[in-house]
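Participant: this is a predicted model, with the sequence first.
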Amino acid sequence: IGGNYGPTMKPQAQAVKEGYSQVLWLFGEDESVTEVGAMNIFFFLVNKDTGRKELVTPPLDRGDILPGVTRLSILELARTWGEFDVVERFPTMPEIAQAAKEDRLLEAFGSGTAAVVSPIECIQYKGVDIAIGTTGPLTQRIWDEITGIQYDTRTGPDGWSVKI
């Protein structure tokens with residue numbers, strides 16, 4: 001899918017008018033979550049079937065998700081920690097709303113080059129605000145790790161930083 005950000009301006013202006021800072025982009029009848037604004041989206045939640053914590057972000061295979069460097073960095077870092085499952089699949093808004101209702105939605109954030117990570121405190125869905133909370137421990141940890149690697153105060157995975 002090719003395109004540009006031009007068609008996103010009107011929905012973004014409407015979101016701001018209603019008191020929100022970004023638009024959460026959905027796709028298809030199942031309302032798959034794709035991105036937030038111009039950033040990749042991540043949800044940290046407890047899987048209903050397994051009871052395990054998982055970090056979920058949409059996969060790249062459909063061609064409509066930005067293959068961001070920050071997205072890849074988060075996936076690689078989180079996998080090295082081995083503390084929760086790291087899953088690339090399309091979460092749906094009904095799933096996210098249900099997880100929030102059942103207190104299984106732990107955190108949500110967008111990621112991108114400029115922001116690194118940007119916490120999501122609330123998602124308005126079908127006229128109802130889904131409160132998520134402020135910056136969670138995982139979002140903060142990812143911010144600390146990536147910015148620490150960028151500023152050479154932390155050691156990243158092999159090959160991430162090269163002194164010149």
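Facilitator: Yep, it's here.

Participant: so which helix or strand takes in residue 43?
Facilitator: Assigning secondary structure by DSSP states H and E places residue 43 in strand 39-46.

Participant: packing partners of the following helix or strand past that strand?
Facilitator: Toward the C-terminus, strand 39-46 is succeeded by strand 53-57 as the next helix or strand (DSSP H and E). Secondary-structure packing of strand 53-57 (3 or more C-beta pairs under 8 Å, 6 or more residues apart in numbering; DSSP states H and E): strand 39-46, helix 69-81, strand 85-88. C-beta coordinates here come from the backbone N, C-alpha and C atoms, glycine included.

Participant: can you name the residues that contact the residue lying closest to residue 34 once chain neighbours are set aside?
Facilitator: Nearest residue to residue 34, sequence neighbours excluded (C-beta to C-beta, 6 or more residues apart in numbering): residue 25, at 4.6 Å. Listed by C-beta atoms under 8 Å, 6 or more residues apart in numbering, the contact set of residue 25 reads 33, 34, 35, 36.

Participant: need those residues in CSV (columns: secondary structure).
Facilitator: As requested, those are exported to CSV (DSSP: H, G, I helix; E, B strand; the rest coil):
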residue, secondary structure
33, strand
34, strand
35, strand
36, strand
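
Participant: which one of the helices and strands packed on strand 53-57 lies closest to residue 144?
Facilitator: For the helices and strands packed on strand 53-57, the distance to residue 144 is smallest for helix 69-81, at 10.8 Å, taking C-beta to C-beta.

Participant: residue 145: what secondary structure?
Facilitator: Residue 145 - assigned by three-state DSSP - is helix.

Participant: find the nearest non-adjacent residue to it, please.
Facilitator: Nearest to residue 145 is residue 77, by C-beta to C-beta, 6+ apart, at 5.8 Å.

Participant: on that earlier part again, could the C-alpha coordinates of the strand holding residue 43 be exported in CSV?
Facilitator: Written as CSV, here are the backbone C-alpha positions of strand 39-46 (Å, rounded to 0.1, in the frame of the first residue of the first chain):
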residue,chain,number,x,y,z
MET,A,39,4.1,5.9,14.8
ASN,A,40,4.2,2.2,15.3
ILE,A,41,1.8,1.0,18.1
PHE,A,42,2.6,-1.4,20.9
PHE,A,43,0.3,-3.0,23.6
PHE,A,44,1.6,-4.7,26.7
LEU,A,45,-1.1,-7.0,28.0
VAL,A,46,-1.9,-10.3,29.6
